[in-house]
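*Asks:* Please find the sequence and the predicted model below.
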Amino acid sequence: MTKSKSRQTIVFFSSDTWNSLFRAPQHLVTRLTKNFDVVFIEPGRALGKNQFSEAIKGLTSVSGAKTSSPMEGLTVVPCLPNIPAFRTQLPASVLKVTYPLTSRLNFMYANWHIKKTLKALNVKDPIILLWGFGDYGIDAHRFFDTIDNALSCYLVYDESPDFSHNERVKTQLRAADDLTCKKADIVMGTSQSQVDRRTHLNEHVYFVPNGVDFAMFNEPYEQKVPVPADIADLPRPIIGFSGWMGYQMDIPLLLHVAKSFPDASLALLGPNTIPSSAELTELMNMPNVHFLGKKDPKNLASYFQVFDAALIPYALRGHVRYIYPLKLHEYLATGRAVVSSDLPNLYPHKDILRLAKSKEEFVEHIRAAFDDHAPEMVQARIAEAKKFSWDDRAADMTRIFKEHTGMQPVN
């Protein structure tokens with residue numbers, strides 16, 4: 001990275017790799033590079049990837065970070081492989097002892113590796129932005145102490161302690177989350193629930209919701225674009241979902257939807273990491289259900305243009321109650337009629353989407369969505385999405401950084 005003397009550096013501790021599913025971290029970083037140099041720290045393991053294979057790959061960085069620069073102003077730094085904590089295998093009584101030790105060890109060599117890399121990149125007094133815990137465990141807050149910085153920021157994008165696979169270490173993660181909030185100069189939350197939960201821990205807590213690449217997702221509405229071949233010939237109406245599919249998905253609900261609309265197509269876009277179950281197997285074998293796989297973000301809107309109903313079918317358990325789905329504004333930017341599980345953080349948008357409290361109500365809302373394409377409603381949804389562009393989110397973060405550091409980013 002060729003660092004400009006007049007530009008501040010952000011050291012961005014990511015929860016996933018740069019080439020993973022293109023989501024909020026990548027959207028924000030690509031825009032923050034307009035005003036800052038960004039060093040993007042990848043975790044010791046990509047989400048959903050095999051721990052052993054990721055460890056072998058990460059060992060190539062031991063002798064020195066194999067950095068890359070995907071775009072001007074951005075340097076990506078792979079981290080060393082982390083020691084697995086076996087959070088889902090070991091009993092809570094054992095993890096009470098082993099998890100803090102594992103976290104401490106992972107932090108120690110990650111800290112050594114990152115500080116060595118930052119020195120080689122001539123990075124001094126950066127803004128540290130910790131995007132959740134990532135693979136750094138309960139000692140992640142210590143980066144605020146070990147790396148001299150101009151500002152420390154903890155951005156909460158999910159309630160990690162409430163994840164189902166973190167149940168055995170929930171108490172330790174919650175205590176670490178509280179401590180990180182107290183130690184950070186500022187805290188940001190991507191949902192109002194996350195913000196409300198932390199206002200007593202830090203006097204500088206900001207709501208920075210997810211956004212949308214409005215121009216990209218609005219394009220099919222403004223001008224005709226080709227419909228992708230793998231969805232073009234599916235029977236209509238098309239009930240669609242886009243995003244990472246994991247433990248947040250309500251599989252019984254999707255089964256109910258597929259069975260309620262046997263002549264419609266249920267199209268599911270995105271990587272499938274849903275835990276195996278008899279219900280998932282049944283869903284995947286249904287003739288009107290189509291798992292279409294991961295798509296290039298630039299092509300998603302071309303799929304959305306043929307959705308007759310766009311879904312957010314989440315199970316209201318654990319961390320899901322606190323999320324603000326990234327896909328909401330992507331759907332809305334294409335004018336789609338949205339049907340969602342009853343997520344509290346979507347209540348402010350209830351006038352332009354449908355929230356369901358039961359499986360039966362979810363199906364009723366889908367049926368109503370099929371006929372909800374009047375021009376005035378389409379325009380209302382598009383107008384709502386336009387308020388939440390990623391450009392505005394990056395501008396909000398830049399303003400907050402400037403307010404707390406007194407620095408003037410270069411335009």
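*Replies:* On my side now, so go ahead.

*Asks:* ranges for the strands of the stretch 201-350 of the chain?
*Replies:* Taking DSSP state E, counting those that start in this stretch as the criterion, the stretch 201-350 of the chain carries its strands at 205-207, 238-242, 265-269, 289-293, 309-312, 338-341.

*Asks:* quick one: strands adjacent to the shortest one?
*Replies:* Same thing as strand 205-207. Taking DSSP bridges as the criterion, strand 205-207 pairs within the sheet with strand 186-189 (parallel).

*Asks:* Residue 17 looks like it's in a helix, true?
*Replies:* No: assessed by DSSP: H, G, I helix; E, B strand; the rest coil, residue 17 does not belong to a helix; its assignment is coil.

*Asks:* Tell me the spacing between it and residue 26.
*Replies:* 10 Å (CB to CB, to the nearest Å). Placement of C-beta: from N, CA and C, glycine included.

*Asks:* now, of the strands of the stretch 201-350 of the chain, which is deepest in the fold?
*Replies:* Of all those, strand 309-312 has the most neighbours on average by mean count of other CB atoms under 10 Å, namely a mean of 26.

*Asks:* following the worst-scoring helix or strand of the chain on mean pLDDT, which helix or strand shows up next?
*Replies:* Within the chain, judged by mean pLDDT, DSSP states H and E, the helix or strand with the poorest mean is helix 51-58; its value is a mean of 50. Under the assignment DSSP states H and E, the closest C-terminal helix or strand after helix 51-58 is strand 74-77.

*Asks:* counting contacts, what elements does that following strand pack onto?
*Replies:* strand 37-41 (3 or more CB pairs under 8 Å, 6 or more residues apart in numbering; DSSP states H and E).

*Asks:* where does residue 14 sit relative to residue 78, distance-wise?
*Replies:* According to CB to CB, residue 14 and residue 78 sit 11 Å apart.

*Asks:* Could you list the low-pLDDT ranges of the protein?
*Replies:* By pLDDT under 70, the low-scoring segments of the chain are 1-6, 45-65, 134, 407-411.

*Asks:* any idea which helix is longest in it?
*Replies:* Criterion DSSP state H: the longest helix present in the chain is helix 92-120.

*Asks:* Pull out the buried positions in that helix.
*Replies:* Judged by neighbour count (16 or more other CB atoms under 10 Å), helix 92-120 contains these buried residues: 95, 99-100, 102-103, 106-107, 109-111, 113-114, 117-118.

*Asks:* and the residue lying farthest from the centre of the chain, what are its phi and psi?
*Replies:* Within the chain, the residue lying farthest from the chain centre (CA atoms, centre = their mean) is residue 263, at 33.0 Å. Backbone torsions for residue 263, taken as degrees, to the nearest 10, come to phi -90, psi 0.

*Asks:* how much space between the closest residue to it other than its chain neighbours and residue 289?
*Replies:* With sequence-adjacent residues excluded and distances taken as CB to CB, 6 or more residues apart in numbering, residue 263 is closest to residue 235, at 6.4 Å. Going from residue 235 to residue 289 by CB to CB gives 12 Å.

*Asks:* One more: residue 246?
*Replies:* Summarising the geometry, the distance separating residue 246 from residue 289, computed by CB to CB, is 17 Å.

*Asks:* One more: residue 255?
*Replies:* Going from residue 255 to residue 289 by CB to CB gives 9 Å.

*Asks:* Please identify every residue contacting each of those two.
*Replies:* Residues touching both residue 255 and residue 289 (CB atoms under 8 Å, 6 or more residues apart in numbering): residue 283.

*Asks:* neighbours of the residue nearest to residue 207 when sequence neighbours are not counted, just the number please.
*Replies:* Spatial nearest neighbour of residue 207, chain neighbours left out: residue 195 (4.8 Å); criterion: CB to CB, 6+ apart. If you count neighbours by other CB atoms under 10 Å, residue 195 ends up with 18.

*Asks:* State whether residue 195 and residue 208 are indeed in contact, as I suppose.
*Replies:* No: the pair residue 195 / residue 208 is not scored as a contact, 9.0 Å apart, by CB atoms under 8 Å.

*Asks:* what residues are shared contacts of the two?
*Replies:* Joint contacts of residue 195 and residue 208 (CB under 8 Å, 6+ apart) are residue 189.

*Asks:* For residue 305, grab phi and psi.
*Replies:* Note on residue 305: its backbone torsions stand at phi -60, psi -20 [degrees, to the nearest 10].

*Asks:* Report the contact partners of the residue nearest to it when sequence neighbours are not counted.
*Replies:* Here the nearest residue to residue 305 in space, its sequence neighbours aside, is residue 220; by CB to CB, 6+ apart that works out to 3.9 Å. If a contact means CB under 8 Å, 6+ apart, then residue 220 has 301-302, 304-305, 334 as its contacts.

*Asks:* redo that, cut-off 7 Å
*Replies:* With contacts taken as CB atoms under 7 Å, 6 or more residues apart in numbering, residue 220 has the following neighbours: 301-302, 305, 334.
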